[in-house]
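Visitor: When you get a sec, could you give me coordinates for this:
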Amino acid sequence: MSIVVEGLSKYYGEQAAVDKVSFEVRRGEVVGFLGPNGAGKSTTMKILTCYIKQDEGKATVCGLSTDDQSLEVRKKIGYLPEHNALYKELYVKEFLGLCARFYGMGRSTQRIKDVIELTGLGREQHKKIEQLSRGYRQRVGLAQAIIHNPEVLILDEPTSGLDPNQIIEIRNLIKELGNEKTVIFSSHIMQEVEAICDRALIIDKGKLVMDKGIEEIRGGTTDKEVTALSLLFDGIIDEKILKRIPGLMEARKVSSGKWLVKGKKVGNVDFRQAVFKYCAANDWVLLEMSTLATSMEDVFREMTGKN
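Guide: A predicted model of the protein is given here:
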């Protein structure tokens, strides 16, 4: 595994910014890290990149501990923070040369040339960074993140503030980089995640609430026999009894009275029919039953309780 996170927690006073988060990312996987503002995305990324330390749990990158081997971890990671800090008074090529020397790469003329070509900075390489558009500054940020050819890329809102054309360009670049590197990136643009990612993690209020492949998130579209439903009950439902619904595969409580369930038809009985009949047999008042939306945006809203 490129990244392993186990029981990670970070507190600010009594508030848990990250609350016992665990996940793994395989080598060569592109993973979207999603969540509302203040959910704990950036804090988790800062822990993985050794900018801050966790209070509980542990994290490893390429088998190296972020606690005990932080310097070695940083050599394995390319990081683009949400607020891309650059030396704006430097020329693009000059800045990348400085970054290369930070990593002990000397002048690395050929590597700088390759990175400039890869990020589409050829025509801008002799300009000062302060003269560049926001889109090209993001390209410079990506260039400095990959200058040392890291195994893992961690990108925090890499398309924030860009126009539609710039978003597509940066998205394509990330997708290309994902062919040979492990990539975690956060984004508020759901289409971006669907277009680029193999998998998505959703964090809400510091807790990881979903970790699934993109196809699975879309509501089981790869299996026509599976139906995902959102259920709203009038009152509290006994979880043990709920999990006896015929054909039930998964059940997750979202809030008091609200559940997300997934199940298969049993014989000729549709899962929706099974749910309705089971509720009636148990005298449960079902206020709402709807097929779980298959768009990433609607799934995000379901999982983070923004309805």
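Visitor: Residue 23 is in what secondary structure piece?
Guide: Using DSSP states H and E, residue 23 sits within strand 15-25.
Visitor: That strand pairs with which strands, and in what direction?
Guide: The pairing partners recorded for strand 15-25 under DSSP bridges are strand 3-12 (antiparallel).
Visitor: Look up how far residue 151 lies from the most centrally placed residue in the chain.
Guide: Among the residues of the chain, the one closest to the centroid is residue 33, at 1.2 Å (Cα atoms, centre = their mean). In this view, residue 33 and residue 151 are 18 Å apart by Cβ to Cβ, to the nearest Å. Yep, even glycine has a C-beta here, placed from its N, CA and C like the rest.
Visitor: Residue 144 now?
Guide: 16 Å.
Visitor: which of those two has more neighbours?
Guide: Taking neighbours as other Cβ atoms under 10 Å, residue 144 and residue 151 compare with residue 144 leading, 24 against 16.
Visitor: Strands of the stretch 51-200 of the chain, start to end?
Guide: 56-61, 64-65, 77-80, 152-156, 182-186, 199-204 (DSSP state E, counting those that start in this stretch).
Visitor: can I see the domain layout of this structure?
Guide: 3-213, 220-291 (automatic domain parsing).
Visitor: Just give me how far the first one sits from the chain centre.
Guide: Mean C-alpha position of domain 3-213 versus that of the full chain (Cα atoms, centre = their mean, to the nearest Å) differs by 11 Å.
Visitor: which sections of the stretch 101-250 of the chain are below the confidence cut-off?
Guide: Where the stretch 101-250 of the chain drops to pLDDT under 70, the residues are 217-224.
Visitor: and residue 146, what does it touch?
Guide: 78, 115, 118-119, 153, 177, 181 (Cβ atoms under 8 Å, 6 or more residues apart in numbering).
Visitor: again, 10 Å this time
Guide: Contacts were defined as Cβ atoms under 10 Å, 6 or more residues apart in numbering; by that measure residue 146 touches 78, 80, 111, 114-115, 118-119, 153, 173, 177, 181.
Visitor: same thing with residue 74?
Guide: Contacts of residue 74 by Cβ under 10 Å, 6+ apart are 49-51, 61, 64, 66, 103, 148, 150.
Visitor: Stretch 210-229 spans what distance, first to last residue?
Guide: 16 Å (Cα to Cα, to the nearest Å).
Visitor: that older thread, now the buried members of the contacts of residue 146.
Guide: Buried members of these, scored by 16 or more other Cβ atoms under 10 Å, are 78, 80, 111, 115, 119, 153, 173, 177, 181.
Visitor: May I ask which two of those residues are separated the most?
Guide: 80 and 111 (17.9 Å; Cβ to Cβ).
Visitor: For the spatially closest residue to residue 270 that is not a sequence neighbour, the count of nearby residues, please.
Guide: In space, and not counting its chain neighbours, residue 270 is closest to residue 227: 7.3 Å by Cβ to Cβ, 6 or more residues apart in numbering. Residues contacting residue 227 under the criterion other Cβ under 10 Å number 22.
Visitor: what pairs with residue 227 across the strands?
Guide: Bridge pairing for residue 227 (DSSP bridges) gives the partners residue 263.
Visitor: From residue 22, how far off is it?
Guide: Relative to residue 22, and taking Cβ to Cβ, residue 227 is found at 29 Å.
Visitor: Then residue 45?
Guide: Taking Cβ to Cβ, one finds residue 45 at 16 Å from residue 22.
Visitor: out of the two, which sits in the more crowded spot?
Guide: Higher neighbour count among residue 45 and residue 22: residue 45, with 24 against 13, using other Cβ under 10 Å.
Visitor: What pLDDT does the model give the more buried one?
Guide: pLDDT, residue 45: 93.
Visitor: okay, the angle between the helix or strand encompassing it and strand 3-12?
Guide: For residue 45, the element it lies in under DSSP H and E is helix 41-48. With axes from the mean of the first three to the mean of the last three Cα atoms, to 10 degrees applied, the angle from helix 41-48 to strand 3-12 works out at 120 degrees.
Visitor: going forward, begin numbering at 31 instead of 1
Guide: Yep, numbering from 31; the last one is helix 71-78 now.
Visitor: how about the nearest residue to the residue nearest to the centre of the chain, chain neighbours excluded?
Guide: residue 216 (4.5 Å).
Visitor: ok, that neighbour - contacts?
Guide: Residue 216 neighbours (Cβ under 10 Å, 6+ apart): 61-65, 69, 71-72, 74-75, 112, 184-188, 190, 223, 231, 233.
Visitor: residues near residue 213, how many?
Guide: Residue 213 has 26 neighbouring residues, counting by other Cβ under 10 Å.
Visitor: Surely it is in contact with residue 55?
Guide: Yes: counting by Cβ atoms under 10 Å, residue 213 does reach residue 55; the two are 8.8 Å apart.
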